[in-house]
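Could you work out the structure for the sequence below:
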Amino acid sequence: MPQPLTRRALLQASSATAAGLAVGAASKARGATGASSRRSVSANDRIVIGIIGVGGRGMSHVADFSAQPDVRIAAICDVYEPHLKAALAQVGAGAKGYSDFRQLLAQSDLDAVVIATPPHWHPLITIAACEAGKDVYCEKPMSLYPGEIAPVLKAARENRTITQIGTQIHATANYHRVVEIVRSGVLGKITAARNILFLKEPLQGDAKPSAPPPGLDWEMWLGPAPLQPYSPAKFEGGQHRYFKSLIGSWIHEMGPHIVDLPVWALNLGAPKSATAGGGRFALTDASDIPDTLDVTWEYPGLIMTWHHSAANTYPFHWTTEGGDRRLAVLFQGTEGSLVADYGRYELFGAAKEAKLPEPADKPPASHSREWLDAIRSRRPPSCNVEYHANVHKALNLGQLAFRVGRKVVWDDAKGRVIGDREADREAMPRYRGPWSLPSA
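Predicted structure coming up:
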């Protein structure tokens, strides 16, 4: 089993300069060979996949794809040896184990990869996988910065990659039905779409810096993220989502699932602008993301908002869900309103008495199954990176507006913030060397 690579080992692994280890430089060395080197998957072939990142979410993917009769998991990668061993044991004999995702991508028999690493790795590994000729299922969020989106799109387009972002709720019957109703016109002219998230889920575990556990390559786990000491709270149980250097805020953790619905139903493009306000007004734990955040996006003819509180769980009167997490998407039109969560919707106003269209859209069997079928047909699934670009432009710009503390105006044709040089610089990530983002 390959040993975890330290940063020094990474820097010494090639006679190239440090930049040569970056994904962008590796892309130039390989050239646009990914699409031409891709194996054709016939109807009778098994789809051979590798899974990168097998913590909690990644192990769910191991179980899901292991259960698919036409899939063979042939490779597993994780920088934490106990996670790697557990996943290999579950997959069974024949799968290869790696501690460096680049070694997995070099495995020639793989058709596709599933990326379930922490979010700060998602764009770079997605790009590298596209360039290696692998189809890609990447967990959300697709990106954390507006400037990461165009390079991801470029890599997917140039290599003709079948991509799917892991917003599994998109495949549910409730979301599909809400889209049909909104698009039917029964709400009249829709002037506002509002996304709401209330939850009380405080940080768990020890946040004090300590030595990484045996078998963990913390340097590689961080990768392009800012150098910072290990703590159990950052690593265990997916709690990286409580630290702004690794996620930003809950808008990136839950936003891809929630904002997906209005972007889809209203066929929204990129927002014209984003304004945000909030802060840490209640929580006193070791996390550093905002506990309260409001964002307003401007689109032609309507606004969309995000309202988040991590210190309150207001029980919407119509919901039947319990627990400490409440969410809703509210569409407000001239003829009525529609409010929905993951599993339910309700109409208000004149729209409540309107004749609704007959259900016509048939959801896929599952989000992952849709991706597998798309690999065979070579037709893009519903949550490919082209679709998710507009979801994530909104999320990333909302986080950017909060970070700089003022309104940001977005020129989508140019792919940049206009009229604000500082915000435009902040729209690009600052990856820690030797990692770098290839140009778009």
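
okay, CA-based contacts and neighbour counts for the rest of this
Fine.

Please identify the helix or strand for residue 268.
Using DSSP states H and E, residue 268 sits in no helix or strand.

now swap in residue 275 and tell me
Residue 275 is part of strand 273-279, with elements assigned from DSSP H and E.

Check which helices and strands that strand is in contact with.
With contacts defined as 3 or more CA pairs under 8 Å, 6 or more residues apart in numbering; DSSP states H and E, the packing partners of strand 273-279 are strand 292-299, helix 385-404, strand 408-411.

Deepest-packed of the ones you listed, please.
Greatest average neighbour count among the helices and strands packed on strand 273-279 goes to helix 385-404 (a mean of 24), per mean count of other CA atoms under 10 Å.

and the direction of it versus that of strand 273-279, what angle?
50 degrees (axes from the mean of the first three to the mean of the last three CA atoms, to 10 degrees).

Can you check which of the helices and strands packed on strand 273-279 gets nearest to residue 178?
Evaluated over the helices and strands packed on strand 273-279, closeness to residue 178 peaks at helix 385-404, with 17.3 Å, by CA to CA.

quick one: that closest one to chain centroid distance?
11 Å (CA atoms, centre = their mean, to the nearest Å).

Now that helix: average pLDDT?
Averaging pLDDT along helix 385-404 gives 98.

In PDB, list the C-alpha atoms belonging to it.
Extracted in PDB, the C-alpha atoms of helix 385-404 (Å, rounded to 0.1, in the frame of the first residue of the first chain):
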ATOM      1  CA  VAL A 385     -21.300  21.100 -14.000                       C
ATOM      2  CA  GLU A 386     -22.900  23.300 -16.700                       C
ATOM      3  CA  TYR A 387     -26.100  23.300 -14.800                       C
ATOM      4  CA  HIS A 388     -24.500  23.700 -11.400                       C
ATOM      5  CA  ALA A 389     -22.400  26.700 -12.600                       C
ATOM      6  CA  ASN A 390     -25.300  29.000 -12.100                       C
ATOM      7  CA  VAL A 391     -26.200  27.500  -8.700                       C
ATOM      8  CA  HIS A 392     -22.600  27.900  -7.500                       C
ATOM      9  CA  LYS A 393     -22.200  31.400  -9.000                       C
ATOM     10  CA  ALA A 394     -24.900  32.500  -6.700                       C
ATOM     11  CA  LEU A 395     -23.500  30.700  -3.700                       C
ATOM     12  CA  ASN A 396     -19.900  31.700  -4.300                       C
ATOM     13  CA  LEU A 397     -20.900  35.400  -4.900                       C
ATOM     14  CA  GLY A 398     -23.000  35.500  -1.800                       C
ATOM     15  CA  GLN A 399     -20.000  34.200   0.200                       C
ATOM     16  CA  LEU A 400     -17.800  36.700  -1.500                       C
ATOM     17  CA  ALA A 401     -20.100  39.600  -0.700                       C
ATOM     18  CA  PHE A 402     -20.100  38.600   3.000                       C
ATOM     19  CA  ARG A 403     -16.300  38.300   3.000                       C
ATOM     20  CA  VAL A 404     -15.700  41.800   1.500                       C
END
